[in-house]
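In: I need the structure of the sequence given here:
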Amino acid sequence: MGRWARVWNVALEHHDASDVDGFGSRYARAREAQMEEWSDEIVEISNNGKLDPQDRRVRIDTKKWLMSKLAPKRYGDKLTLAGDPVAPLLHERQLDEVISSLSEPELAALERFAQERFKGDRATDD
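Out: Below you'll find the predicted structure:
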């Protein structure tokens, strides 16, 4: 059994939700410290002029990739999605403002659309 498998086995065996300062919290703090150490190493690697540029890039990219997988909330790619509770996208316009900006042909088309939609909704309810 590898050393990480042993660590996880110990973590699972001694897991106690009421133990706030138990193994899980110590492990999480150790991982955070590791991420800080790796970020410092990335800076050192990038400033090391003795390394081949390709070697620097590979070393940096490897650490960045690992960091993004081990701590995705902090180091992962940031995606903005609609409906994200932390950063919701809002596109608000007042309905009156939208309707008042429509031309007569657009209003007529909207009314036809709404009537057809209403007929379709009533047909599926029956």
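In: Leaving aside the residues adjacent along the chain, what's closest to residue 74?
Out: residue 35 (7.1 Å; Cβ to Cβ, 6 or more residues apart in numbering). C-beta here means a position set from N, CA and C on the backbone, and glycine is covered the same way.
In: actually residue 32, not the one I typed
Out: residue 71 (7.6 Å).
In: What distance do you get for that neighbour to residue 106?
Out: Residue 71 sits 50 Å away from residue 106, going by Cβ to Cβ, to the nearest Å.
In: The two: who's more crowded?
Out: Higher neighbour count among residue 71 and residue 106: residue 71, with 16 against 11, using other Cβ atoms under 10 Å.
In: Go ahead and confirm that one touches residue 33.
Out: No. Under the criterion of Cβ atoms under 8 Å, residue 71 is not in contact with residue 33, lying 11.4 Å apart.
In: quick one, domains of this structure?
Out: What automatic domain parsing lists as the domains of the chain is 3-75, 95-125.
In: okay, now the residue nearest to residue 74: neighbour count?
Out: Using other Cβ under 10 Å, residue 35 is surrounded by 17 other residues.
In: again, but for the one 5 residues further on
Out: Other residues near residue 40 come to 10 when the count uses other Cβ under 10 Å.
In: C-terminal to the helix or strand in which it is found, what's the next element?
Out: Applying DSSP states H and E as the criterion places residue 40 in helix 23-47. Using DSSP H and E, the helix or strand that follows helix 23-47 in sequence is helix 53-70.
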